[in-house]
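**Student:** Predicted coordinates and the sequence they were generated for:
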Amino acid sequence: MPLTDVSMTINGKAMSAAVEPRTLLIHYLRENLGLTGAHIGCDTSHCGACTVDVDGRSVKSCTMFAVQAAGASVLTIEATAGADGKLSALQEGFREMHGLQCGYCTPGMIMRAHRLLQENPNPTESEIRIGISGNLCRCTGYQNIVRAIQYAAAKMAGLEFKEAAE
Amino acid sequence: MIPGSFEYHRPASLSEAIALLGELDSDARLIAGGHSLIPMMKLRLAVPSHLIDLAGVAELKGVRLDGGELVIGAMTTQHEIIANDLLAQRAPILRETAELIADPQVRYLGTIGGNVANGDPGNDMPGLMMALGASYVLHGAGGERRVAARDYYLATYETAAEPGEVLASIRVPIPPPGHGWAYEKLKRKVGDYATAAAAVILTVSEGKIATCAIGLTNVGGTALFASDAAAAAVGTALDKPVLTRAAQAATDIAQPAADGRGSAEYRAKMAGVMTARALTRAFARARS
Amino acid sequence: MNDAPSPTSLERAEKLQGMGCKRKRVEDVRFTQGKGNYIDDIKLPGMLHGDFHRSSHAHARIVKIDTSKAKAVPGVVAVLTAEDLKGVNLAWMPTLAGDVQMVLADGKVLFQNQEIAFVVATDRYIAADAADLVEVEYEALPVVVDPFKSMDEDAPILREDIKGKKDGAHGPRNHPNHIFNWQVGDKELTDAAFVKAEVKTKDLLSYQRVHPCPLETCQCVVSFNKITGDLTIYGTFQAPHVIRTVVALIASLPEQKIHVVSPDIGGGFGNKVGAYPGYICAAVASIVTGLPVKWVEDRIENLSTTSFARDYHMTTEIAATREGRVTALRVHILADHGAFDACADPSKWPAGFANIITGSYDFPVAHLAVDGVYTNKAPGGVAYRCSFRVTEVAYAIERAMDIMAQKLGLDPVDFRVKNFIKREQFPYNSALGWEYDSGDYHTAMQKAIDATDYRSLREEQKAKQEAFRRGETRELMGIGVSFFTEIVGAGPSKNCDILGIAMFDSCEIRIHPTGKGIARMGTKSQGQGHETTWAQIIATEIGIPADDIMVEEGNTDTAPYGLGTYGSRSTPVAGAAIAMAARKIKAKAQMIAAYQLEVHEDDLEFDVDRFRVKGNPDAFKTMSQIAWTAYNKPPPGMEPGLEAVSYYDPPNMTYPFGAYICVMDIDVDTGVHKVRRFYALDDCGTRINPMIIEGQVHGGCTEGYAIAMGQEIVYDEDGNVKGASFMDYFLPTAVETPHWETDYTVTPSPHHPIGAKGVGESPNVGSVPCFANAVNDAFKFAGSTHIPMPHDAYRIWQAAEDLGLHA
């Protein structure tokens, strides 16, 4: 199958690569553009490790062809830290609250959490758990991920993070 | 993990999409949200030589009122359904059902058209459409026609749509104000298809159920319209014996596959339990 | 003159971020930015991709393999079959368990999805297309999937390659499908105890086949340099040095020319210990082509072929007095190993450490017999935080104790407490041969009972059962208890080796002139946070801030030899080596300080980050100053520099333990459960980083929850593997996963330099029987004694149906 150029805006930069129609967006990002933050964890669109943000929506990039995203505006984990290297509120929250162990689900989890907090800046614990139900983690048992997102939500709202009493 | 090769088309209009369907090989497939089709392509269970992407067809988006019906464009995503105030006011069961479909990422892209069009018995919307008495608007080279959801599903992956037709919109008769509604879905975890699920739409008059419609999900080769179960509830205040009868009527028509979700017997019984629970919740809502 | 007050010892200790503090993780800085270095991130010039064509049959002769269509696909460089590997004597490879395993199908296939051909192409899409075009002609053979039938007289013979061999790696074989029989304990005394027992129970307790399923699958990039003869293997290896030695032995390559590198690994859980056909084929392809070759398994391949876990069928008998004192334990285990015995056990232990099955209880006599058998299933068995079969047998003993308690009419907690090994009995010699190092079970259990208000829960349960009987509720309440003792830290050279290499571990520390340092160990973290925690040990031992110590693992050229990270062995073994190496440095530092301060070494005392003269606290030298001196002006006769290596051969295993309590509510009419509460108390001895320990417990309990409540890899009667994708393999999301309450006691290990025992496996060991006991507990009032796992809604509903609870 002949290759065609597919262009989109990634983390604010115009990018392009020649791919087949069947090239999955996750491979376009990882192989063609060298953005290896998003990961592949399954074959059946369940795990969410590949989650990126496409035109303001959380998308499992393994379940989209790059060609479908032509012209879109895409955000990946590589964009979330500040230009000065300062961690974003979410990145800081994940570190402070030990919301990661092996780190493999983390980029997808943070990108999903980013969109979740855009949808709902002050989510309850239940809303967070439902909000990240498309992202699997095998290491943390999710509890500290919830706390990480709560930390970030508080920080982004300019509030102090108060942990719920046991 | 890696799909087979195909040619990609992105029509800008419905007529262009229909024309493409007519010209291309018979194994050309429409792609809406892609979250049923692409997983199948990655497992090479589907190997279409052409994909026709409907994302660029503006006519397929949007939710509006038309007379006594809600008209929902086929490319409306589950996320958009959940967020839509008109639907929330007039047919709140749609939001409740959509929230139980898959997970947040899938809901951002998965469309209601994709959910109802291809005859996958696991999808949640078909049973709901049956309960709502909805109809599907099909556009083809020969023009437009409507098929009732209750008549649309013939067998697993076999529908009343003809080759070359595009399911363009769904027309939902607006349930009367004060109607009762509930979607009760038993599943192993978030993101799983239903072990069994029941959608109930009913109206109450003077404390008794006046009209009732029930659709069952994933307990047969297609979604099932449980008319006997519904009839058992009509004219009653839904006491325990009625619920038992309605549940049994649902179980009686269920012919689920035995799979990881359970034995056929269990799933059929659960169709009954879900029916009873959906009836109970719908009835409680109607009274209020 | 410095007017600012000098920092107190406490302030200086806090700055160190040493042992005991919740040091934030070093790894997180790169992981949260998507800058981890995982295998599939590696891209080398000219790199090729490998993909397998796999068997559709569970048991069949291979009549013909036609690779011509695959080879004809543009971009395909090679298609390897067993015939090609025979040329380099690699069609078969030795396993860690003393068996041999086909790398590519040689004459027949023995499990569905077994590797038949390896396609090598210029990109992974082409490799996938070509793998689909390999054509195989099979002659189907009868299938064995029921381990209980595998040794029938007329059972089909699976392993024709060893058909005539009456002796296996672990002793005589009784049948062509038999692998080993392993026995421990006193059979005579045990049988005698059962004969005169006042009360007896006997139950078949099966632990279903599951899979560790780390989020990153197994993968490698192998790069052979034809000019220099160097073979570099990047891969997901929990034990990189072992992989290097194994490759050296089986490929007859000089070990100094093999370089194994494991950068970041996305979860291991035992899935990434052994060597798989993918690694071998990628290596052969790279050697043949002179180009790097990448192999990445997809999820279905992972769940169906690389290292399953469990599949243990344990007939468990307890003998007890009427008052509730256990007198004997007798167990027979049927172990389903799949088509090849590829268990990643230490070589003398074909059933791992299953003889920890006496658990936390003082059994005067016991006997354990294990029979391993072949079936037409994927090979493996030892994985998934099992500590070498400890998860399996902990399930058996904790279920069996509950069953006996029920028979005796005793509360499950009270029955356990009655039979606990007492604190004063440690070190305790169990009836099956282990010397438990330390424990205080009574204190831990009491803490758990108090924290959960256990007695009130039992009252509530009774009331709810009465309400159920009256038809007022359709919900049942179950209270699960598990008190596990497990065995980790493999292990002492006298009884633990992997392919002959003793199971020590190592640490090398080098302090630089400016007082910072680098430390390397023979372990390999896959999420356990070693870059963070290992530095904490060093910080406390030698007084250099953890932030100033760079920790490196996973490069076999630079790291001292180690046996890797699995079975919770890192803290007990490498952690000890770290302490010992640090103490060597500290001893040298003391000598340098003494020389600088012009006193005798014995006149010095260590104060957090410095040596000071006893009675003269203003006369001190910080570690920083000492480090500079080591390079600048070491004492006469002393070598310059400040570094040390320690290879630690542990004198014993360690024995972490814990008390877990679960409260569960079950909807009888659907079988759906809700975990109301889960309390986990762990005693892992000295706690290096409480934040990380808590994370390990959360993660391990989540795995245990999934196992108990729905995970299963099933084979139908034709050997078709079911449930080998995320469509069906139960991995709970954040919605299903319960909230975890963690607690602890500290009973240090007396033989470990820092008293630490390790904790990673414990939550999987303890939580599975806790959940299982909760489900079973809910149905005891209806006369149920044992419901097997997994406890998915369907099977809980079926149990209720069988007990007549739906009438």
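**Tutor:** Perfect, thanks for sending it.
**Student:** Contacts only, for the residue in chain C positioned nearest to chain B.
**Tutor:** Scanning chain C for the residue nearest chain B gives residue C:794, at 3.2 Å (criterion: Cβ to the nearest Cβ). (C-beta placed from N, C-alpha, C; glycine too.) Taking Cβ atoms under 8 Å, 6 or more residues apart in numbering or on different chains as the contact definition, residue C:794 lies against B:195, B:261-263, B:266, C:671.
**Student:** Helix, strand, or coil at the closest residue to chain C within the stretch 1-150 of chain B?
**Tutor:** Nearest to chain C, among the residues of the stretch 1-150 of chain B, is residue B:2, at 3.7 Å (Cβ to the nearest Cβ). With DSSP: H, G, I helix; E, B strand; the rest coil as the basis, residue B:2 sits in coil.
**Student:** since we're on it, how many residues are nearby?
**Tutor:** If you count neighbours by other Cβ atoms under 10 Å in any protein chain shown, residue B:2 ends up with 24.
**Student:** Return the list of helices and strands in contact with the lengthiest helix in chain B.
**Tutor:** In chain B, assigned by DSSP state H, the helix with the most residues is helix B:264-287. Counting contacts by 3 or more Cβ pairs under 8 Å, 6 or more residues apart in numbering or on different chains; DSSP states H and E, helix B:264-287 is packed against strand B:180-186, strand B:196-205, strand B:208-217, helix B:240-253, helix C:793-802.
**Student:** Mind listing the strands the second one pairs with, and their directions?
**Tutor:** Spelled out, it's strand B:196-205. Note on strand B:196-205: by DSSP bridges, its sheet partners are strand B:180-186 (antiparallel), strand B:208-217 (antiparallel).
**Student:** Reformat those as CSV; add mean neighbour count and distance to residue C:59.
**Tutor:** Below are the strands paired with strand B:196-205 laid out as CSV (neighbours: other Cβ atoms under 10 Å in any protein chain shown; distance: least, Cβ to Cβ, whole Å):
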stretch, mean neighbour count, distance to residue C:59
strand B:180-186, 25, 37
strand B:208-217, 24, 38
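**Student:** Adding mean pLDDT, write those out as TSV.
**Tutor:** Shown next, in TSV, are those (pLDDT from 0 to 100):
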stretch	mean pLDDT
strand B:180-186	98
strand B:208-217	98
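**Student:** right, and these - which one's nearest residue C:409?
**Tutor:** Proximity to residue C:409 (Cβ to Cβ) singles out strand B:180-186 among the strands paired with strand B:196-205, at 36.5 Å.
**Student:** That closest one vs helix B:264-287, what angle?
**Tutor:** Strand B:180-186 runs at 150 degrees relative to helix B:264-287, counting by axes from the mean of the first three to the mean of the last three Cα atoms, to 10 degrees.
**Student:** Just the CA coordinates for strand B:180-186, please, in PDB.
**Tutor:** Extracted in PDB, the C-alpha atoms of strand B:180-186 (Å, rounded to 0.1, in the frame of the first residue of the first chain):
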ATOM      1  CA  GLY B 180     -40.600   5.900  34.100                       C
ATOM      2  CA  TRP B 181     -37.300   4.700  32.700                       C
ATOM      3  CA  ALA B 182     -34.400   2.600  33.700                       C
ATOM      4  CA  TYR B 183     -31.500   0.700  32.200                       C
ATOM      5  CA  GLU B 184     -30.200  -2.100  34.400                       C
ATOM      6  CA  LYS B 185     -26.900  -3.700  33.300                       C
ATOM      7  CA  LEU B 186     -25.200  -6.600  34.900                       C
END
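**Student:** Before I go, just wanted to say thanks for your time.
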